[in-house]
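S.K.: Next one to model:
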Amino acid sequence: MTVSQMIHRNKGLWTLALLLLLSYGLFFYQAGERYIWDPDEDEYALVNREMVEDGHWIYPTANGNPYNIKPPFYNWMGSAISLIGGEVTEASSRLPSAFFATAGVLLTFLLGKLLFGYRAGLLAAAALATTPLYIEQARWIQIHMPGTVLMTATILCFFWGYTYEKRRPLAYLLMYIPLGIGTLTTGPVAVIMPALIIGGYLLLIRDFWHIWRMRLGWGVLIYLSIAAPWYATVSMREEYARVLLFTTNVTRYFGALVHDHPFYYYIKRMAPWFLPWLLFIPGVMIAYIKHLSAKERKSLLLPLVWGIGLFLFFSIARTKREVYMINIAPALALLAGASLEWAISRFESSLFWRRCFTWPVIPLLVALTLGALGLPIYAWYRAPDWLAIVAPITMMGAIAMACAALFLAKKQNLAVIATIVILLTGVVVYGANTVVAKVNETMSPRAFCHHINTIIPQDEQLRMFAFFRPAYAYYTHRRIMYAYDPAVLEKWFTAGNRVFVVTKESVYLNLKETFPLPIYVIHRKEVDGRDILLLSNQPDSKTS
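M.R.: Predicted coordinates for the structure are as follows:
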């Protein structure tokens, strides 16, 4: 048996191995080496620690205060992994995101295979895995990755059941499991999003009443058996439940709670997060109108409804964050996978599909080449200390683009896409090691907090004024008292005993001219682009 025959015979195992290897490099490699950065990572990591050390599994806390912004499933996973490892760390807190991201790649492959065929599924999975926003969230301590993957699992179960009638009872029952877990992860939106996608799809194919065949009775029981116990328990604390269910869902969607932006916000901001695969989607959108069969158009409807529907859903909301767009990443990857599959398979026979491939690829290769060559020039002019760091990226880019250009000239189009995927993976692997090491100390308050612990005994209170971030509680391993009123700061400073307060330098500069008491700067360090100070009401011999 030849190698080719062996690979073909075990195609499923080879595909699994390939996607797992890709996921390891993109999501897991050196994931624990990066310290906790802002935003949000510190909050989830602190909740994990207080779950493990204080036993706050049902009513999570952060800095000793109720954490009722989101349900706890994601923190349960991180805390459980931390118990196995013996302590809460950056790695144990990030692993749930990486595991879910890997699952999302596999689920997208399966859904793409169902919709468009084997190779299209593989292309869609590779596109999703190398999408910048997806990579970021796979390496971030945050709930958006598991929420997206659980939604993908729901949609896959639906389409599996809808497509294969013999599997329908099992598939539809399985569909309600990720719905329940999703509600324990991101809240009611975990039901709303797949309901919009599935309902919109059935409506467009004129089979909306099929919804009554989706085992709703048993499904509701499965869903409630997973989600209801925790929600029923926390509802016994009225204020906890009110914030969890109303403030962080209804108010966040319809009101300007935080991150208030206009309707067109995502139109301006989302494109860089989905490059380079976004470039291949316009072709398939045009093809939908006049270059596809009725069956192919129907197969495109599901990712189209998914992508467009959720884009509008999040655009209507008052609260907008770029990270919310991760929910449409699998849909865009499926569209890109379909576009690439049809363009590659019809490259010779159709001028339209030839253009759908070459028109995005040629500018992409030119842009990547110019970017790779421009990096060292930019570093030489603006940041010479980065020159040695970006040089390997330039080498990788130049070699990869030369190979891709050669493959394109020989019409080996699949090899062109493979080269781009390998390049993106190589840059991520390199960046997770060398680039992160370069910026780690300045992006995270870890070093600042460790220095604080050498100055302040563990039994002394640490305070923060005019800002608070959970990372300082996490890395100092303390409960931090914080305030925003200068009168409270004055009260602290007149207490008679030595007091330590963390604040931003900008706050200190505005305060020191009018503050009636002496303020001593004990320590100063740049953290995430701003100078952070440790202040005291008494001078200290360790002042730096």
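S.K.: Chain neighbours aside, what residue packs nearest to the residue most central in space within the chain?
M.R.: Nearest residue to the geometric centre of the chain (C-alpha atoms, centre = their mean): Q137, 2.1 Å. Spatially, and ignoring its direct neighbours in sequence, Q137 is nearest to M145 (4.4 Å; C-beta to C-beta, 6 or more residues apart in numbering). Heads up, the C-betas are built off the backbone N, CA and C, glycines and all.
S.K.: just checking, next helix/strand downstream of the lowest-mean-pLDDT helix or strand in the chain?
M.R.: In the chain, no helix or strand scores lower on mean pLDDT, DSSP states H and E than helix 3-9, which sits at a mean of 57. As assigned by DSSP states H and E, the chain's next helix or strand after helix 3-9 is helix 11-23.
S.K.: avg pLDDT for that next one?
M.R.: Averaged over helix 11-23, pLDDT sits at 92.
S.K.: Now do it: everything it contacts.
M.R.: 7, 98, 101-102, 105-106, 109, 118, 122, 125-126, 129, 421, 425 (C-beta atoms under 8 Å, 6 or more residues apart in numbering).
S.K.: May I have that helix exported as CSV, CA atoms only?
M.R.: Coordinates of each C-alpha in helix 11-23 appear next as CSV, following Å, rounded to 0.1, in the frame of the first residue of the first chain:
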residue,chain,number,x,y,z
LYS,A,11,-8.6,10.2,5.7
GLY,A,12,-10.7,11.0,8.7
LEU,A,13,-7.9,10.2,11.2
TRP,A,14,-5.4,12.2,9.1
THR,A,15,-7.8,15.2,9.0
LEU,A,16,-8.3,15.0,12.7
ALA,A,17,-4.6,14.9,13.3
LEU,A,18,-4.0,17.8,11.0
LEU,A,19,-6.6,20.0,12.6
LEU,A,20,-5.4,19.1,16.1
LEU,A,21,-1.8,19.9,15.2
LEU,A,22,-3.0,23.2,13.7
SER,A,23,-5.0,24.0,16.8
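S.K.: That one: how far from the chain's middle?
M.R.: Using C-alpha atoms, centre = their mean, to the nearest Å, the distance from the centre of helix 11-23 to the centre of the chain it belongs to is 22 Å.
S.K.: Show me where the stretch 1-150 of the chain has its helices.
M.R.: Secondary structure of the stretch 1-150 of the chain, counting by DSSP state H, counting those that start in this stretch: helices at 3-9, 11-23, 41-54, 73-85, 90-116, 118-129, 132-138, 144-163.
S.K.: Give me the average confidence score over the third one.
M.R.: Translated: helix 41-54. 95.
S.K.: Packing partners of it?
M.R.: Packing contacts for helix 41-54, counted by 3 or more C-beta pairs under 8 Å, 6 or more residues apart in numbering; DSSP states H and E, involve strand 61-62, helix 73-85, helix 90-116, helix 470-476.
S.K.: Of those, give the one that comes closest to Q412.
M.R.: helix 90-116 (21.2 Å; C-beta to C-beta).
S.K.: any chance of the helices and strands packed on helix 41-54 in TSV, plus mean neighbour count and mean pLDDT?
M.R.: Listed next are the helices and strands packed on helix 41-54 as TSV, based on neighbours: other C-beta atoms under 10 Å; pLDDT from 0 to 100:
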stretch	mean neighbour count	mean pLDDT
strand 61-62	20	94
helix 73-85	20	95
helix 90-116	24	97
helix 470-476	24	95
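S.K.: so which of those gets nearest P229?
M.R.: Closest among the helices and strands packed on helix 41-54, using C-beta to C-beta: helix 73-85, at 12.2 Å.
S.K.: List of residues touching the closest one?
M.R.: By C-beta under 8 Å, 6+ apart, helix 73-85 touches 44-45, 47-49, 51-52, 57, 60, 88-89, 91-93, 95-96, 141, 143, 146, 181, 184-185.
S.K.: Please apply the same query to stretch 451-470.
M.R.: Taking C-beta under 8 Å, 6+ apart as the rule, stretch 451-470 contacts 38, 42-43, 45-46, 62-63, 445, 472, 476-478, 480-484, 488-489, 492, 498-504, 507, 522-523, 525, 534-535, 540, 542.
S.K.: Generate the ChimeraX command that creates a selection of the buried members of these.
M.R.: Applied in ChimeraX, the following selects the buried portion of the contacts of stretch 451-470 according to 16 or more other C-beta atoms under 10 Å:
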select :38,42,43,45,46,62,63,445,472,476,478,480,481,482,483,489,492,499,500,501,502,503,504,507,522,523,525,534,535,540
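S.K.: which ones among the contacts of stretch 451-470 are found in strands?
M.R.: Under the assignment DSSP state E, the contacts of stretch 451-470 contribute 62, 480-483, 500-504, 522-523, 525, 534-535 to strands.
S.K.: between those residues, which is nearest T319?
M.R.: Using C-beta to C-beta, A62 is the member of the ones in strands among the contacts of stretch 451-470 that lies nearest T319, at 20.2 Å.
S.K.: hmm, back to that, turn the helices of the stretch 1-150 of the chain into JSON lines, columns for distance to R215.
M.R.: Formatted as JSON lines, the helices of the stretch 1-150 of the chain follow (distance: least, C-beta to C-beta, whole Å):
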{"stretch": "helix 3-9", "distance to R215": "37"}
{"stretch": "helix 11-23", "distance to R215": "28"}
{"stretch": "helix 41-54", "distance to R215": "34"}
{"stretch": "helix 73-85", "distance to R215": "23"}
{"stretch": "helix 90-116", "distance to R215": "19"}
{"stretch": "helix 118-129", "distance to R215": "26"}
{"stretch": "helix 132-138", "distance to R215": "31"}
{"stretch": "helix 144-163", "distance to R215": "9"}
